[in-house]
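> Predicted structure and sequence below. I'll ask about it afterward.
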Amino acid sequence: MLKKVDKTLFFLFATFFVGYFAIACYGPYANLYFKQQGISTATIGFLSSIMPVASILIQPLWARAADKTGKKHLILSIILLGSGITVLLFPLGKGVVFFAIILFCFAVFQTSMFSMQNAVTLQIAEKRGYHFSNIRIAGTLGYAVGILLLNNLITGNLALAFITCGISTFVTLIVHMVGVPKENTVPASSAGGGKEKKGGTLEVLKNKQVILLMLMLWCVYLSCSFQGAFIGLTIVDLGHSASYVGVCVFLCCISELPVLIFANRLIQKFGEMPLIIFSGILMTFRMMLISTGVLWVILVMMALQGIGYMLNFYCGSTLIHRLMPDHLKARGQSLIFLVQAGLGSVIGNMGGGLIAERIGFLNTFRLMGGVTFGVTLLVMVVSLLDRGKKKPVPRETVAVEEAVVEEQPISV
């Protein structure tokens with residue numbers, strides 16, 4: 001007899017697949033669309049920074065509402081509905097002012113979509129014994145399939161990027177409402193006997209490990225965001241076809257699969273922070289080689305995206321989930337997106353666009369890679385010094401801890 005399908009796991013898988021399929025229809029093509037409308041590179045950098053800025057301003061409010069009410073499922077439903085409606089407005093007008101307004105409205109919802117989706121999924125996975133990496137793989141597959149199926153269609157008519165994104169987002173909303181259980185948490189206001197606990201995220205930031213983690217997540221995404229925003233324009237500027245943009249994004253997606261498959265084993269063997277530091281070194285390596293401007297080298301570097309970025313993001317998500325208290329889980333995931341999609345993207349997109357306008361795309365790739373390497377080196381040195389200060393752990397204690405790790409999977 002066939003094994004009975006776990007419906008909850010299936011619907012979680014489906015929401016990630018369709019949700020990332022939706023963003024695959026938008027992300028790689030939005031800046032190309034703006035370029036087609038006659039907007040300059042520097043202005044495109046400005047437009048690209050609107051979503052990160054909105055993320056910094058708005059995302060913490062969604063996360064706070066989710067933690068304070070405990071109704072993460074409902075909050076995610078509202079976010080999906082708003083994202084689907086606003087993205088359909090892009091083809092209805094022209095001009096920098098129009099796009100800036102619509103981008104901000106879209107960002108109010110979309111920038112919180114994946115952090116809230118992670119919070120909802122991690123909560124369910126923790127209770128039911130699922131591995132988050134197995135569910136997150138669906139997002140990578142959805143993104144890759146979206147690029148593979150729609151690349152030629154969308155590059156032929158870039159306005160379709162927004163239409164397909166909107167339709168796919170509505171499908172994600174339906175799947176979420178129909179199949180994902182409403183396992184609401186205890187509101188933060190009730191976690192301390194009727195009074196919301198003081199300190200919140202700022203209290204957690206007093207932990208040096210959290211500070212080092214945020215620095216690494218920021219510096220890796222700084223390079224990643226510039227790459228994501230301008231790799232298409234770089235390829236076209238080098239005289240190659242825009243169809244290679246889809247090829248690059250597809251290679252990035254496929255490269256994430258082995259990382260997600262083996263992530264838990266890698267964490268168990270090496271620990272999250274060493275893997276995050278390694279991802280920073282590799283991201284530096286990728287940016288420097290992309291700056292050669294050789295097409296086949298660029299394609300190979302895109303195929304290393306999984307180790308350069310996904311390993312960084314996944315390890316960061318699981319580590320912050322463990323470090324945050326129960327009533328701050330959603331804000332913990334939001335903090336990652338705030339640092340990456342917020343601060344990292346603002347500097348990578350707006351700053352990168354302004355710099356690229358003056359010194360060119362390839363030189364800017366080198367500059368971003370240099371910043372990533374500098375921060376990575378700093379974090380690595382501080383981590384090694386902290387490790388050297390720790391007292392040796394008796395062999396018996398290490399053996400007991402290793403046994404516990406084997407019995408309890410790192411991933412939730």
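That came through, no problem.

> rest of the way, CA atoms for contacts and neighbours
Fine.

> List the contacts of Asn349.
By CA atoms under 8 Å, 6 or more residues apart in numbering, Asn349 lies in contact with 45-46, 48-49, 225-226, 229.

> Ok, Lys35 next?
Applying CA under 8 Å, 6+ apart, the residues near Lys35 are 41, 44.

> Relative to Ile124, which of the contacts of Asn349 is nearest.
Using CA to CA, Ser225 comes nearest to Ile124 of those, at 29.7 Å.

> now the closest one: how far from Gly280?
Distance, Ser225 to Gly280, by CA to CA, to the nearest Å: 14 Å.

> Which of these two has more residues huddled nearby?
Gly280 (33 against 22; other CA atoms under 10 Å).

> List the contacts of the more buried one.
Contacts of Gly280 (CA under 8 Å, 6+ apart): 216, 219-220, 308, 312, 372-373, 376.

> In strands, which of the contacts of Asn349 fall?
If you go by DSSP state E, the contacts of Asn349 have nothing in strands.

> Out of those, who's the most crowded?
Going by other CA under 10 Å, Ser49 tops the contacts of Asn349 with 29 neighbours.

> Could you verify my assumption that it touches Met350?
Yes. Taking CA atoms under 8 Å as the definition, Ser49 is a contact partner of Met350 at 5.2 Å.

> Do a quick rundown of the helices in the stretch 101-250 of the chain.
With DSSP state H, counting those that start in this stretch, the ranges of helices along the stretch 101-250 of the chain come out as 113-128, 132-156, 160-179, 188-191, 200-204, 208-237, 243-270.

> Quickly, which of these bottoms out on average pLDDT?
Lowest mean pLDDT of these: helix 188-191, a mean of 51.

> returning to that earlier point: which one among the contacts of Asn349 gets closest to Asp6?
When the contacts of Asn349 are compared against Asp6 (criterion: CA to CA), the nearest one is Ser225, at 35.9 Å.

> returning to that earlier point: right, and the helices of the stretch 101-250 of the chain - which one's nearest Gly332?
Of these, nearest to Gly332 by CA to CA is helix 200-204, at 7.3 Å.

> thinking again about what came up before, and the furthest pair within the contacts of Gly280?
Asn312 and Phe373 (14.2 Å).

> So which of these two has more stuff around it?
Asn312 (26 against 21).

> I'd guessed that one sits against Leu275; true?
Yes. Asn312 is within contact range of Leu275, at 7.2 Å (criterion: CA under 8 Å).

> In a markdown table: the helices of the stretch 101-250 of the chain, plus distance to Leu385.
Formatted as a markdown table, the helices of the stretch 101-250 of the chain follow (distance: least, CA to CA, whole Å):
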| stretch | distance to Leu385 |
| --- | --- |
| helix 113-128 | 32 |
| helix 132-156 | 31 |
| helix 160-179 | 46 |
| helix 188-191 | 36 |
| helix 200-204 | 22 |
| helix 208-237 | 13 |
| helix 243-270 | 18 |
